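*Asks:* curious how this folds, go ahead:
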Amino acid sequence: MADLAPLIRARLKAEIPALRDVRGTVDFAAIGRNLITFPATFVFLAADSATPNTRAVGAFVQNVTVDVAVVLCVKGANDPTGEKTSDELEDLRAKIRTTLIGWEPDNGFEPVGLRQGKLLGFKDGVAFWQDTYQAKDEFRA
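*Replies:* Residues are numbered from 1 along each chain as shown. Below is the predicted model:
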């Protein structure tokens, strides 16, 4: 079973040039050290769940649902009302959703779907939004 998060990172980098920084979870701490360029996106495995083995005899087979978090970070500059930041956030969310929903990675995953989205908060002029995308795969042993 392949890892979905790197595939999503690669797709976002290739398809949405407006995202100036696309990274994994380990780089999330870079926000506090001013080491990223906004708007930025952090993509990482958020959860997975599996069904019981589907076979009584032979190969072990489980269906696995993988959740990948896409955290979008938009920094408002010279935006006292937050309107420009909100507009940029919505525009980028729409581009990300259009890029990912229905996309079928080449490694056996079913098409990607949106599971949920939520505002994580604001800090130091940066708005943080997380969308969680989901796809199913099959594990065989």
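*Asks:* going forward, measure contacts and count neighbours with C-alpha atoms only.
*Replies:* Noted.
*Asks:* and Asp21, backbone torsions?
*Replies:* In terms of degrees, to the nearest 10, the main-chain angles of Asp21 are phi -150, psi 120.
*Asks:* is it in contact with Ile36, as I believe?
*Replies:* Yes - the criterion here is CA atoms under 8 Å, and Asp21 meets it with Ile36 at 6.6 Å.
*Asks:* please enumerate the strands of this protein.
*Replies:* With DSSP state E as the criterion, the chain has strands at 21-23, 40-50, 61-75, 113-123, 126-140.
*Asks:* most packed of those strands?
*Replies:* strand 61-75 (a mean of 22; mean count of other CA atoms under 10 Å).
*Asks:* and it, what does it pack onto?
*Replies:* Applying 3 or more CA pairs under 8 Å, 6 or more residues apart in numbering; DSSP states H and E, one finds that strand 61-75 makes contact with helix 4-15, strand 40-50, helix 83-100, strand 126-140.
*Asks:* so which residue is dead centre in the protein?
*Replies:* When the chain is reduced to its mean C-alpha position, the nearest residue by CA atoms, centre = their mean turns out to be Val70, at 2.4 Å.
*Asks:* done for today, thanks.
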